[in-house]
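In: Below are the sequence and a predicted model for it; my questions follow.
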Amino acid sequence: MSLDSDNPQPLPNLLAAQSVFVLSQPSLSKLHSDALKEFKELVTADEMGPYYALVQSSFTAPNPALGVLSKSEVDSIEKANKEELDKVDERIKEAQETEGESELSDALRTKAFYYTKIGAKSEATAALKEALEKTPGGGGRIDVVLTLVRLGLFFGDNKMEEEWLAKAEELIEEGGDWDRRNRLKVYQGIHYLTIRQFSKASELLLAALPTFTATELLSFNDFVTLTVISSALVLSRVDVKKKIISSPEILSVIPDVPIIGDLVNTLYESRYADFFHALATLSQSHLQTSRLMSPHATYYVREMRIRAYTQILESYRSLTMSSLAQAFGVTEEFLDNELSKLISQNRLHAAIDSVNGVVETTRPTPKARRDAQYETLIKRGDVLLGEIGRLGRVLH
């Protein structure tokens with residue numbers, strides 16, 4: 001197995017975890033055939049015996065992934081796993097007895113990366129930690145740590161991701177090169193997406209956009225798609241134009257993934273009915289079908305709709321419910337229900353005059369904003385004073 005630090009391999013291959021996610025969702029049954037084919041191909045190509053066994057034990061009938069490999073195919077993969085691990089164990093023994101630390105480090109990393117490749121989480125984690133202890137030089141150590149992050153992402157282990165991302169950042173601050181610094185931003189950005197911190201995700205992914213190299217984690221098209229999805233939610237209208245709509249890197253991908261262009265352009269151009277349609281299409285094609293984004297699909301769609309409502313309401317003092325419904329391509333009843341909920345939750349600065357069928361904006365006055373900021377400052381000051389008091393009692 002290659003240890004080329006300039007060309008990290010997709011170990012473990014996150015596409016396998018994505019195919020398993022699709023197969024686990026009855027609502028995605030139309031995608032099951034392609035996902036099953038991809039799952040079988042990846043398991044066979046990467047000899048993922050332990051991961052296949054885990055998947056088989058996790059699913060129940062009538063899941064299509066059950067028994068997708070014949071007994072002879074499973075036996076063949078398990079035999080390949082044993083032979084490769086026996087061979088690398090022999091190589092480790094040889095390095096320990098007759099060679100130097102560099103050769104031993106290479107052998108330990110080979111074993112760790114193989115365990116990672118085949119999806120044996122506990123064995124891979126232990127082997128990677130051992131390899132980390134024996135690996136000289138900052139670059140090699142960073143590569144091992146980023147592999148641990150990928151392992152966490154593969155198995156959806158947020159705690160593991162956080163632990164090793166912190167370690168990677170520490171090592172890179174001690175002397176990581178440009179490429180590894182850039183790849184770390186992508187790893188961090190993807191992690192923040194998984195825990196619904198879209199602002200941090202957007203900042204990191206946009207920073208990595210011009211020099212993306214983390215193809216061991218995801219393809220460039222998928223990277224750009226996630227960058228646009230996160231940024232569309234959190235950037236100001238001016239920055240959406242500057243950093244998304246006018247970005248050469250993003251423009252190069254839009255022909256392959258036109259929905260991301262539709263999403264940002266329709267909202268920017270205030271074509272709200274087209275925006276609602278684009279948002280619904282995005283949810284069906286890229287949010288609900290994504291292992292990373294599916295848990296946040298409902299939240300994302302709601303927040304983007306709020307963004308659209310806010311944008312149109314900020315442009316007028318009042319609007320009739322009928323004109324708003326027409327602008328968004330929905331019924332007045334739907335709009336009345338949704339706006340009422342959002343207003344009651346203080347998510348929109350507006351009021352509905354049901355008698356006259358009008359939505360009036362209720363933007364806070366400068367004094368109200370100052371009062372709210374003052375109240376927030378006082379609350380934070382009280383919290384800080386309380387913490388200082390507790391610290392004082394501990395010290396004395």
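Out: On my side now, so go ahead. Numbering: from 1, shown residues only.

In: So which residues of this structure form strands?
Out: With DSSP state E, the ranges of strands along the chain come out as 318-320, 350-353, 358-361.

In: for the shortest one, which positions count as buried?
Out: Under the neighbour-count criterion of 16 or more other CB atoms under 10 Å, strand 318-320 has L319 buried. Backbone N, C-alpha and C define where each C-beta goes, glycine included.

In: before we move on, the earlier item: dump the strands of the chain to CSV, plus mean pLDDT and distance to L335.
Out: CSV is the format used below for those (pLDDT from 0 to 100; distance: least, CB to CB, whole Å):
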stretch, mean pLDDT, distance to L335
strand 318-320, 95, 10
strand 350-353, 95, 10
strand 358-361, 95, 9
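
In: So which of these is nearest A95?
Out: When the strands of the chain are compared for distance to A95 using CB to CB, the nearest one is strand 350-353, at 69.8 Å.

In: nearest to E269, of the strands of the chain?
Out: strand 318-320 (18.2 Å).

In: I figured L14 hits L218, correct?
Out: Yes. Counting by CB atoms under 8 Å, L218 is a contact partner of L14 at 6.8 Å.

In: Could I get the contacting residues of E170?
Out: Not one residue lies near E170 by CB atoms under 8 Å, 6 or more residues apart in numbering.

In: The stretch 51-200 of the chain: helices as residue ranges?
Out: 71-98, 101-117, 121-134, 138-155, 158-175, 178-194, 198-208 (DSSP state H, counting those that start in this stretch).

In: among these, which is nearest E47?
Out: Taking CB to CB, helix 71-98 is the member of the helices of the stretch 51-200 of the chain nearest to E47, at 4.8 Å.

In: got the buried residues for that closest one?
Out: Within helix 71-98, the residues that count as buried by 16+ other CB under 10 Å are 74, 77, 81, 84-85, 88, 91-92, 95.

In: so can I have TSV of those residues showing pLDDT?
Out: What follows is these, written out as TSV (pLDDT from 0 to 100):
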residue	pLDDT
V74	97
I77	98
N81	98
E84	98
L85	98
V88	97
R91	96
I92	96
A95	94
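
In: could these be laid out in a markdown table, adding distance to A278?
Out: Shown next, in a markdown table, are the buried residues of helix 71-98 (distance: CB to CB, whole Å):
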| residue | distance to A278 |
| --- | --- |
| V74 | 44 |
| I77 | 43 |
| N81 | 46 |
| E84 | 47 |
| L85 | 49 |
| V88 | 50 |
| R91 | 54 |
| I92 | 54 |
| A95 | 56 |
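
In: with those in mind, which one is nearest to P258?
Out: Checking the buried residues of helix 71-98 against P258 by CB to CB gives I77 as the nearest, at 39.1 Å.

In: doesn't M48 make contact with the closest one?
Out: Yes. In this structure, I77 is within contact of M48 by CB under 8 Å, at 7.4 Å.

In: coming back round to it: next, format the helices of the stretch 51-200 of the chain as a markdown table and append distance to L342.
Out: Formatted as a markdown table, those follow (distance: least, CB to CB, whole Å):
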| stretch | distance to L342 |
| --- | --- |
| helix 71-98 | 52 |
| helix 101-117 | 45 |
| helix 121-134 | 42 |
| helix 138-155 | 34 |
| helix 158-175 | 29 |
| helix 178-194 | 24 |
| helix 198-208 | 19 |
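
In: Which one, of those, ends up nearest to D222?
Out: Evaluated with CB to CB, those place helix 178-194 nearest to D222, the distance being 9.9 Å.

In: which helices and strands does the closest one pack with?
Out: helix 138-155, helix 158-175, helix 198-208, helix 220-234 (3 or more CB pairs under 8 Å, 6 or more residues apart in numbering; DSSP states H and E).

In: Deepest-packed of the strands of the chain, please.
Out: Of the strands of the chain, the one with the most neighbours on average (mean count of other CB atoms under 10 Å) is strand 358-361, at a mean of 18.

In: ok, and what's touching that one?
Out: Contacts for strand 358-361 (CB under 8 Å, 6+ apart): 313-314, 316-321, 324, 339, 349-353.
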